[in-house]
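Chemist: Fold the stuff below for me.
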Amino acid sequence: MSTKTYKKFENAGSGDLPDKMTVYQDCMNTFNESPVNPKRCRILISRLLRLLSNGVAFPENEATALFFSISKLFQHQNDALRQVVYLAIKELSEMSEDVLMATSSIMKDVQNGSDLVKPNAIRALTYVLDESTAFSAERLLKSAVVSKHPAISSAALCTSYNLLPISEVTIKRFANEAQEGISDLKQFPNIPYDEHSLLVGEFYPNSSYMAQYHAIGLIYQLKKNDKMAILKLASQLADSNTLKNQLAKVQVVKLINDLINRDPQLFNEFQEVLFSWLTNKFEAVQIEVAKVISSFALRNQRLVAPDSFAYVIATLQGLLAVPRVSTRFAVLRILNKIAMVAPEKIASCNPELETLINDPNRNISTYAITILLKTGNASNIASLISRISRFFHDVSDDFKIIIIDAVRTLSLSFPQEWKSIVKFLMDVLKNSEGGLKFKSTVVEAIVDIVSFIPESKELILENLCDFIEDCEFNEILVRILHLLGKEGPYTSKPSLYVRHIYNRVVLENSIIRSAAVVALAKFALTKNDPTLKESIVSLLVRIANDQDDEVRDRATIALRLIKSADDDNTTVATELIEPKYFYDLPSLESKLSSYLTTNNDSFKTPFDSSNIRRFTEDEVKAIELKRKQEQSLSTSPESPLESGTKKSKSNNNTDNNAFPGSSVGEDEQELLNTKYNEELLAIDQFKDYGKLINSSKSVSLTETEAEFIVNGVKHIFQDNIVLQFNIANTLPNIALTNVSVSCTQEDPETSQLEELFSIAIDRLLPTEEGACYVAFQKTDELVVEGFLNSLVFTTVDINPDTNEPYEGEEGFQDEYEIDSLYINAGDYVTGSFIGNFDKAFEELPAEEIAVFNIQENLSLQEVIDKIITNSNCLPLNNTQFAPSDSNSHVLKLFGKSVLSGSKVALLIKMIHSSKGIALKVQGKGENATLCSDLVNGLM
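Modeler: Just a heads-up that it's a prediction; the model follows:
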């Protein structure tokens, strides 16, 4: 190699990007040369593409100049050059102006180019056509779709798919051609490259039949709103043997999944096909079928026989032994979703899962561990924890965090096994190497155990006191000191924790010393021990001379608060240091933002927090516990491999969640409550009603396919009830005016509600949604009532261009009956956490017992979900899940009145038999009326 050549290529393999301006100038000069040098042009275009793929952007004028310079290369008939030209055109079209100028050259290649160039030219059409020019390519695209060359046909189908958002009217005419693309098994032509052999057939496959996959995808997009058309397509493809491509078969399985999610009764029609494909030669098809059947079975247990589900599990179990990493990983993801809801169903896979713990791929070994933890029971938790401990210290922090999250979920599911779990977590915290994120995850898991398993408190706090002696992270030290200050005063030996906290004041930096001062003040204010208080006061007096301003100020304030608590005998100091109520943060943030932006008197008017929702500590714990329960169902542990490639997107397919649960997510419900509160306070008629105490979840009052979609929400005030009806107009070209809801009590003579007024919607255009209200006054604190509802409105035909009524259009009045809406005892209850349910249940005075016999064809889990929704109580001790292999279950629920705060507990025993489900509901509470109404109106 010459010196010149060596210098030319010495940096070719380096990671350095070529200079942007050099590439630009070389491209402009070389592409305009005559004659064209194809080889040099290809090298320059490859450099340009490398720049663009690494995010380097050109100004619009330079990109346009490059675009037109490259388009001049169409004059050269070199196919290899033409291929890279099309790649460059696709990249530059998004930055350039007047890209339509290249349309004629591209279409010429689509029509007359070689088979090597045609696919590239067809794919480039997506980037240069718009709505006004797409029709001109219709004939060429139709011809390409039915081409016998598989690469050309696939390119045309993909281009048609991508042009759908641009020109849907044009692409809809391709339905017949796309249908033909499924049945026509296209193969590559036999091209001889010498007189003895063939290029295709001997060394390369005749075809991958990828055009089938692309054709199915296009047809689905064209017909996705037509359920019968999709049903016909899926039935034809499932019954025929024309599908040769594995991705096409996977796509058909997804079509079937879409259909059975819309109408579960269709599962019986496709059941035979799905189970036959479980033995398909393609692993991807087996995995997709198993995923569809398992997720459907978890949502519709009555429609899938236990033997059929066991067959799916056996198929997945067999795939765990295949050598391909991607297959094993996909199977583990499916098993993980099943384990979230029905861990007993995959117990047969435990031997294979235990083998995968030692898999060299850490993604797989971590998933295997988390699934085993979900399938664990009270008898094998200790052995599982022991196995994890053997290799835990050898994995990276990312995998450690996933395992810790799984252990945290396990501790909430089996609170009686907290000792072995706490021992493992403390060993990990003290002896395992790791960064801040990992250590914080362990500490948060420990904090959860302290919060939800009270009997573990003292053991954990003592261990944390030992840990903070050698902790290197300020954030974790502050978190632990806060926990010690919150829980330590209520233990049997508070002086033990005071000594460890004061050691932080002596040995640590100012951040830790400040946190330690607050923790010490909590011991002095909340623990009724004069000797301990005197000791803490003397310590704080010493700390008041600290060299750091923040530490001194906190110590001085703490001393004054302690003194004021002694002198005035008030709770101001205690409430400041140890608050008993917590504000609803989204509502507080919204109110503060509004106060800052709308204030006109230089903030002379004080901020009013009276209308912001407040929660007690047990309500906060209930919200947190419910959130963690729902997270364990709706999300799976995300491995580092997934987190690097996963994109955030909205997906309405219910298959993404293994189990939908019994309620809206707690975070979403809190945001809705904040929104309702703001909307009601903005209406003058409701400003005198006082604080909004509670808002129910949205109740659907019509079918989702109805002309008008109506949802009802019940708002509870101290002396009033407001019914909110959210109404959506789905009628095209028709507006609704004077929209209101007529509410009639089911028993007006004995009703304890008096209707005050209603607020109508003035005008509701097509696709718009609005809310109307009906207000009532209560004559008793607790009112249980049902309402017969009718939608009253005037329909008006409107001009779709102006959204205004036609001249002379007066409209006509109409009425639309909607479902009844019931105010029940659960609307006056909110979930509340209690550490020892059995003890609290025995202590409650009032008692009510009711027996129900449910004749409907429901499973135990469906009954449990219905009870939780109706009662609005918090399920405790992980009793919200019924084992699928058991015919009996005990459900424990706890809550309290949103009006008075009185506690209520429900102990529900249920038995499933051939005659239905028998329920015995035993309720106890502090308010006899609430307890009676809640128990008797439960079902």
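
Chemist: which regions of the stretch 801-939 of the chain lie under the pLDDT threshold?
Modeler: Nowhere does the stretch 801-939 of the chain drop to pLDDT under 70.

Chemist: which helices and strands sit right next to the helix or strand containing Ile216?
Modeler: Using DSSP states H and E, the element containing Ile216 is helix 210-223. Identification of packing neighbours for helix 210-223 by 3 or more Cβ pairs under 8 Å, 6 or more residues apart in numbering; DSSP states H and E yields helix 150-163, helix 175-183, helix 227-239, helix 246-262. To be clear about C-beta, it is placed using only N, CA and C from the backbone, and glycine gets the same treatment.

Chemist: Could you find the closest non-adjacent residue to Leu844?
Modeler: Excluding its sequence neighbours, the residue lying closest to Leu844 (Cβ to Cβ, 6 or more residues apart in numbering) is Lys924, at 3.8 Å.

Chemist: now swap in Lys374 and tell me
Modeler: Nearest one to Lys374, counting by Cβ to Cβ, 6+ apart, is Ala339 at 3.8 Å.

Chemist: what's the answer for Thr556, then?
Modeler: Ala544 is the one closest to Thr556 (Cβ to Cβ, 6+ apart), at 5.4 Å.

Chemist: Quick check: the gap between the one you found and Ser514.
Modeler: With the distance defined as Cβ to Cβ, to the nearest Å, Ala544 ends up 13 Å from Ser514.

Chemist: More neighbours: which of the two?
Modeler: The neighbour comparison of Ala544 against Ser514 (other Cβ atoms under 10 Å) goes to Ser514, with 23 against 17.

Chemist: helix or strand for the more buried one, which one?
Modeler: Counting by DSSP H and E, Ser514 is found in helix 510-526.

Chemist: who's in contact with Asn834?
Modeler: Just to correct that, residue 834 is Ile rather than Asn. Asp618, Ala840, Leu876, Phe894, Lys903, Ala905 (Cβ atoms under 8 Å, 6 or more residues apart in numbering).

Chemist: Kindly report the domain assignment for this structure.
Modeler: 1-98, 102-223, 225-298, 696-823, 828-936 (automatic domain parsing).

Chemist: mean confidence for the shortest one?
Modeler: Just to be clear, that refers to domain 225-298. Regarding domain 225-298, the rounded mean pLDDT is 88.

Chemist: can you give me the offset of it from its chain's centre?
Modeler: 25 Å (Cα atoms, centre = their mean, to the nearest Å).

Chemist: now the second one
Modeler: Relative to the chain's own centre, domain 102-223 is displaced by 37 Å; criterion: Cα atoms, centre = their mean.

Chemist: picking up where we left off before, surely the residue nearest to Lys374 is within a helix?
Modeler: Yes. Judged by DSSP: H, G, I helix; E, B strand; the rest coil, Ala339 forms part of a helix.

Chemist: list the contacts for it?
Modeler: Contacts of Ala339 by Cβ under 8 Å, 6+ apart are Ile346, Ile371, Lys374, Thr375.

Chemist: Show me where the stretch 351-500 of the chain dips below the pLDDT cut-off.
Modeler: In the stretch 351-500 of the chain (pLDDT under 70), no residue qualifies.

Chemist: neighbours around Thr767, how many?
Modeler: Thr767 has 10 nearby residues by other Cβ under 10 Å.

Chemist: quick check, it in a strand?
Modeler: No. Under the criterion used here (three-state DSSP), Thr767 is coil, not part of a strand.

Chemist: got the contact list for it?
Modeler: By Cβ under 8 Å, 6+ apart, the contact list for Thr767 reads Ala728, Asn729, Thr730.

Chemist: Please report the confidence value the model assigns to it.
Modeler: Thr767 is given a pLDDT of 85.

Chemist: do Glu781 as well
Modeler: On the pLDDT scale, Glu781 gets 80.

Chemist: What are the buried residues along the longest strand seen in the chain?
Modeler: Using DSSP state E, we find that the single longest strand of the chain is strand 785-799. By 16 or more other Cβ atoms under 10 Å, the buried positions in strand 785-799 come out as Glu785, Phe787, Asn789, Leu791, Val792, Phe793, Thr795, Val796, Ile798.

Chemist: Give the pairing partners of it; include direction for each.
Modeler: strand 734-745 (antiparallel), strand 804-805 (antiparallel), strand 812-823 (antiparallel) (DSSP bridges).

Chemist: Can you list the neighbours in contact with the second one?
Modeler: With contact meaning Cβ under 8 Å, 6+ apart, strand 804-805 is reached by Ala735, Val796, Asp797, Ile798, Asn799, Gly811.

Chemist: what about 6 Å?
Modeler: Strand 804-805 is contacted by residues Val796, Ile798 when judged by Cβ atoms under 6 Å, 6 or more residues apart in numbering.

Chemist: Kindly report the same for stretch 26-36.
Modeler: Arg40, Cys41, Leu44, Leu66, Ser69, His76.
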